[in-house]
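[1] Take a look and give me a structure for this.
(2 chains)
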Amino acid sequence: MRADPDLYDFWPYANRPKIIWPNGARVAFWVAPNIEFYELDPPSNPERKPWARAHPDVVPYSHRDFGNRVGNQRLMKVLAQRQVRGSVSLSVAMCDHHPELIAQAAELNWEFFSHGIYNTRYCYQMSEAQERAIIEDSIATVARATGQRIDGWLAPALTHTERTFDLLAEYGIKYTCDLFQDDQPQPLKVASGRLISMPYSLEINDVIVYNAYNQSPRAYTEMIKRQFDQLYLEGADSGTVMCIPLHGFLVGQAHRIGAFQEALDYILAHDKVWVTTAREIADYFYAHYYDVCLSDIAAHKHRRRPQGQAV
Amino acid sequence: MTLPDEYLIYPRRQHGMDHALYPWSDLFARNPVKWPNGARVALMVSPALEFFPLNPTGKPFKAPGSMQTPYPDLRHYTTRDYGNRVGIYRILRVLQEFALPATVTTNAHIAERYPELIENVLRAGHEIAAESLTMDTLHYGGMDASVEIEYIDKSLKILRAFSEVNGWLSPAKSQSAQTLELLVQHNVRYCLDWAHDELPTTMHTPSGDLLAIPHSVELSDRQIFSEYKHSEASYVQQIKDAFDQLYCESATYGGRLLTLPLSGFVSGLPYRIGALREALGYILKHPGVWPATGSAILQAWPAASA
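    The predicted model follows:
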């Protein structure tokens, strides 16, 4: 274990190279529906039990299954009506369990990236071979179901090992949503190849807003508007990324979807917004800003005082 | 230390669900549900009568609402008992104002302690559904089957001495892997524990089927007030928003269902009862709302879902 994950260097949020998104947009806006499968009776990982109570843990299981019967569909309709393509954080076993739902999202030209096999199988204590197996499974399963190559990763239930990001880069994954250190993409330090962190935001994620902060649907709308207003303002200096991570079993409840629609319409009413997908943001960043950002980060690193030197 | 390779084997990675309790189905791709008289939204109000013992075993966990302080926790005991003495009567009065029939879920021990309360509920035209014996007789995975049979058998015997009982709610909605089958074996026809859908769904057990009527977790007064700690105004807004969404969808997709689980010790407080009245008033001013009990839904379901 180490004190610093050593995945990125300090990079102050001031005087960075100016990012301008396509058509002069200030904010690259993307929506990340998490389409997940939670198992009723999964094995336990030594570091984390899948359910708090003995199986069957009916309340949380059925709550999540609601997402795959009702909530995801409701969210899909709201996004489709507004021509917003989702970038799906996918439990790839969904391609086997509910291919009908995946086909609907693929039909809408949504992007799919991997959120592990199931959200009840965690990466803690995985060997390198096991971690490679879930990456290879993800690539093969999504390609088979949708024809898409996965370009992104969000670890199942945010569970990682020390080698996760090196492996992702080795397999040609372009971006990870696992790191929350910034509101702009950032090149990461990986053993080989290239990988960037894609701003995903836990703070504006419906799971955190509803289940950790216990907010009401209308309060969530206010939070989304405020989050957007600030990122839109700052985006005039250098383009920012705003992601709204969502879960059908939460935002797709009847009492919440209307308030979410209002938040979405607020954002879409602004003109300097690039409504896009994570893959398109990553591609644009690699093509125009990866190298210049890497140099800028390196320049900051050279300004660091050698350790132990007096102030 | 590494994980055993079995951790990456997925024996139920298959089309549909990872169990045989019910098949997968997309709410928006089904045949439209046709409620009686062309109703657009069925409204099922469900107040709970629950006994929280002063000395819970807490096994295998304390049901939400249980005692919290060191013994004797008179503060929580009497707060809960307030619900069964005062709060429920306030709720019953609001239901009477709107002539709304309800499904009152009750621990059987309430009927032993306060038979007059059960008689008042029944005389007002409501139905009762069983909620095991007390809030401390939890059903859970790995429990002794004979104990679970005793809980179910005893609670149904006690309550069926008062009236017909078709419905079941488990304390804390906690079940063992056998609960549904045992309920079928005891002639329970519908269960309120599973909220995996917004409409009733058929649950399969080796001994036969029963109907799962989704009893909302997210819109229960306990969730909104006690867990999320939202205001009364926010409660009303959320119920209105839920109703508006369902009412709107019903025009395209067929009948919808709104369930409102209530607790006497939550909604029955003087400062909260008005919020319930306001929410119900809003819903009931719309044409096409069918005030239904669990048994009425059960009865209507075969034709409604045909």
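
[2] Distance of residue A:9 relative to residue A:193?
    18 Å (Cβ to Cβ, to the nearest Å). For glycine as for every other residue, the C-beta is placed from the backbone atoms N, C-alpha and C.

[3] Where do the strands of the stretch 1-150 of chain A begin and end?
    A:27-35, A:87-90, A:111-114 (DSSP state E, counting those that start in this stretch).

[4] Can you list the low-confidence ranges for chain B?
    B:1 (pLDDT under 70).

[5] Of the strands of the stretch 1-150 of chain A, give the one that comes closest to chain B.
    strand A:27-35 (12.9 Å; Cβ to the nearest Cβ).

[6] What about contact with chain B: does that closest one have any residue there?
    No. If you take Cβ under 8 Å from any Cβ of the partner chain as the test, strand A:27-35 misses chain B, and the best it gets is 12.9 Å.

[7] Helices of the stretch 101-250 of chain A, start to end?
    Taking DSSP state H, counting those that start in this stretch, the helices of the stretch 101-250 of chain A run over residues A:128-146, A:164-170, A:206, A:217-234, A:248-251.

[8] Over to the stretch 51-200 of chain B?
    Under the criterion DSSP H, counting those that start in this stretch, the stretch 51-200 of chain B contains helices at B:74-82, B:88-97, B:108-113, B:115-123, B:145-160, B:179-185.

[9] quick one: which of those helices is nearest chain A?
    Closest to chain A of the helices of the stretch 51-200 of chain B is helix B:179-185 (Cβ to the nearest Cβ; 8.7 Å).

[10] next one: the closest one to chain centre, how far?
    Relative to its chain's centre, helix B:179-185 lies at 17 Å (Cα atoms, centre = their mean, to the nearest Å).

[11] Return it as CSV; C-alpha atoms alone will do.
    Extracted as CSV, the C-alpha positions of helix B:179-185 are listed here (Å, rounded to 0.1, in the frame of the first residue of the first chain):
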residue,chain,number,x,y,z
THR,B,179,-41.1,-16.9,2.6
LEU,B,180,-43.0,-16.7,-0.6
GLU,B,181,-43.6,-20.4,-0.9
LEU,B,182,-44.7,-20.6,2.8
LEU,B,183,-47.2,-17.7,2.2
VAL,B,184,-48.7,-19.6,-0.8
GLN,B,185,-49.0,-22.7,1.3
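
[12] Run through who's touching it.
    Residues from elsewhere that reach helix B:179-185 (Cβ atoms under 8 Å, 6 or more residues apart in numbering or on different chains): B:21, B:139, B:148-149, B:152, B:168, B:170, B:191, B:193, B:203, B:205-210.

[13] Out of those residues, which comes closest to residue B:108?
    Residue B:108 lies nearest to residue B:152 out of the contacts of helix B:179-185, by Cβ to Cβ, at 9.9 Å.

[14] Phi first, then psi, for the nearest residue to residue A:296 once chain neighbours are set aside.
    What sits nearest to residue A:296 in space, not counting adjacent residues and going by Cβ to Cβ, 6 or more residues apart in numbering or on different chains, is residue A:17, at 5.3 Å. Torsion angles at residue A:17 (phi, psi; degrees, to the nearest 10) stand at phi -50, psi 140.

[15] Enumerate every residue touching residue A:17.
    Contacts of residue A:17 by Cβ under 8 Å, 6+ apart are A:238, A:289, A:292-293, A:296.

[16] Correct me if wrong: residue A:161 contacts residue A:123.
    Yes. In this structure, residue A:161 is within contact of residue A:123 by Cβ atoms under 8 Å, at 5.7 Å.

[17] list the residues that contact both of the two?
    Common neighbours of residue A:161 and residue A:123 (Cβ under 8 Å, 6+ apart) are residue A:131.

[18] Looking at those two, which one has more neighbours?
    Under the neighbour definition other Cβ atoms under 10 Å in any protein chain shown, residue A:161 and residue A:123 were set side by side, and residue A:123 has more, 21 against 17.

[19] show me where chain B has strands.
    B:41-49, B:103-106, B:127-130, B:167-168, B:190-191, B:201-205, B:208-212, B:256-263, B:289-291 (DSSP state E).

[20] Not counting its neighbours along the chain, what's nearest residue A:181?
    residue A:8 (6.4 Å).

[21] same check, this time on residue A:234
    residue A:240 is the one closest to residue A:234 (Cβ to Cβ, 6+ apart), at 5.5 Å.

[22] can you pull the contacts of the one you found?
    A:19, A:26-28, A:183-184, A:199, A:231-232, A:234.

[23] go on, residue A:118?
    A:36-39, A:42, A:91, A:93, A:156, B:10.

[24] From the residues you listed, pick the one nearest residue B:251.
    Relative to residue B:251, the closest of those is residue A:36; by Cβ to Cβ it sits at 30.2 Å.
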